[in-house]
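Enquirer: Show me how the following folds:
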Amino acid sequence: MKNSQRGRGIIFQYRMVGAHMSSLKNSKIVVVGAGHVGESVAFSLMLKEVASELVMIDVDAERAEGSVFDMEDATAFYSETTVRTGSYQECENADIIIVTAGIARKPGQTRLDLAKTNASIVRSITTNIMEYAKNPIILVVSNPVDVMTAVIQEASKLPVGRVIGTGTMLDTARLRRLISEECEVAVTDVNAYVLGEHGDTQVAVWSRATIGGENLKGYFECINKDLDFEELAKTAKTSGATIIKKKGATFLGIAMCAARICEIIMRNEHAILPVAHVLDASYGEWQGAAISLPSVIGKDGIVRTINIKLSEEEKKAMDHSAKTLKAFKDDVIG
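Expert: Residues are numbered from 1 along each chain as shown. I've put the predicted structure just below:
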């Protein structure tokens, strides 16, 4: 066992739990922000063995060191991972940079209310990142994530596919779990999306939802059961606010979303997730909005988006979501 100075990283040498880790040797992910979300993201990355090295950066150096000390103890039980604090210079050769910093959402406050407060924070972070990083992949978790994705993309001047917001991935996970519980089937057999904004104007795409390949409506006719689509969509949309009201913040669910996105990138899986990125002119009136669409993700970020067929009502709802986000983005970026 090799033990380095505490706070500068600790490595435990022994047989790896996951054989895939050897292929990720010398890989590094930087997490900017050591609050509850950043810490949870880093811990989830360690548990999933996504990278061999994790670096935490925070304006509060004491907080970042405390998070690292805690995770160092955990590495003794799980994986050969180096966890340490660092400066923005660490971004120079990072595989992925995750931005979680920002003011936390308060009870009763919408994500869009956070935009102007957090925009200046993420702009400063982006400037620091780009001082060292040449062509990074930046994963945006800071809220409101759709607007912050647009702010970071504009500030960084990176290709839109390399600035990825977690978007409606968590909303989609919530909806799929609720459907699986109602149907008494494994959540992995539910295919349904929440698209658009990660917030008030999000759109549950019921017309394309399936269970085991069967259209959702057809499935419920088979089992002779009714499903309150509107209530399920509402529950999925308000779950975050409910958690915030009860415990003050949400961070575990979004941490697993961020870790899964990183896992897909690092392993070049080309998996499909509903994530956000700034849309180009090919999307017509949606151009300039950072909204979530089903996207194929690989080692270079977003490879392509899927033009999922929507009902007329869903298309109108998506138009409204894009219009809302564009208006807020224009106001924030100014």
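Enquirer: Can you tell me, leaving aside adjacent residues, what's nearest to Ala317?
Expert: Val203 (4.4 Å; C-beta to C-beta, 6 or more residues apart in numbering). C-beta: built from backbone N, CA, C; applies to glycine.
Enquirer: what's the distance between the one you found and Ser292?
Expert: Computed as C-beta to C-beta, to the nearest Å, the Val203 to Ser292 distance reads 9 Å.
Enquirer: Looking at the two now, which is surrounded by more residues?
Expert: Here Val203 and Ser292 are set side by side on neighbour count (other C-beta atoms under 10 Å), and the busier one is Ser292, at 31 against 26.
Enquirer: OK, contacts around the more buried one?
Expert: 146, 165, 167-169, 194-198, 274-276 (C-beta atoms under 8 Å, 6 or more residues apart in numbering).
Enquirer: The same query, at a cut-off of 7 Å, please.
Expert: Applying C-beta atoms under 7 Å, 6 or more residues apart in numbering, we find Ser292 in contact with Gly167, Thr168, Leu195, Gly196, His198, Pro274, Val275, Ala276.
Enquirer: which one of those residues sits closest to Ala317?
Expert: Compare each of the contacts of Ser292 with Ala317 using C-beta to C-beta and the shortest gap goes to Gly196, at 7.1 Å.
Enquirer: pLDDT score assigned to the closest one?
Expert: Looking at Gly196, its pLDDT stands at 97.
Enquirer: Okay, the nearest residue to it once chain neighbours are set aside and Glu39: tell me how far apart.
Expert: When the adjacent residues along the chain are set aside, Gly196 lies closest to Ser321, with 3.4 Å between them (C-beta to C-beta, 6+ apart). The spacing between Ser321 and Glu39, counted by C-beta to C-beta, is 31 Å.
Enquirer: Run the chain-centre distance for stretch 130-137.
Expert: With C-alpha atoms, centre = their mean, to the nearest Å as the basis, stretch 130-137 stands 19 Å off its chain's centre.
Enquirer: correct me, but Gly298 touches His270?
Expert: Yes. Counting by C-beta atoms under 7 Å, Gly298 touches His270, with 4.9 Å between them.
Enquirer: Tell me which of these two has more neighbours.
Expert: Between Gly298 and His270, counted using other C-beta under 10 Å, Gly298 has the larger neighbour count: 16 against 12.
Enquirer: bridging residues for that one?
Expert: In this entry, Gly298 is beta-bridged to Gly301, by DSSP bridges.
Enquirer: Check the burial of Ala104 by counting its neighbours.
Expert: 16.
Enquirer: who are the neighbours in contact with it?
Expert: Neighbours of Ala104 in contact, by C-beta under 7 Å, 6+ apart: Ala249.
Enquirer: Make sure I have this right: it is in a strand.
Expert: No. Ala104 sits outside any strand when classified using DSSP: H, G, I helix; E, B strand; the rest coil, being coil.
Enquirer: contact partners of stretch 34-42?
Expert: Everything outside stretch 34-42 that qualifies as a contact, by C-beta under 7 Å, 6+ apart, is 31, 54, 56, 58, 60, 63-64, 67, 71, 83, 98, 100, 141, 249, 251-252, 254-255, 258-259.
Enquirer: now do 8 Å
Expert: So stretch 34-42 is contacted by 31-32, 54, 56-58, 60, 63-64, 66-67, 70-71, 83, 98, 100-101, 104, 141, 249, 251-252, 254-255, 258-259 (C-beta under 8 Å, 6+ apart).
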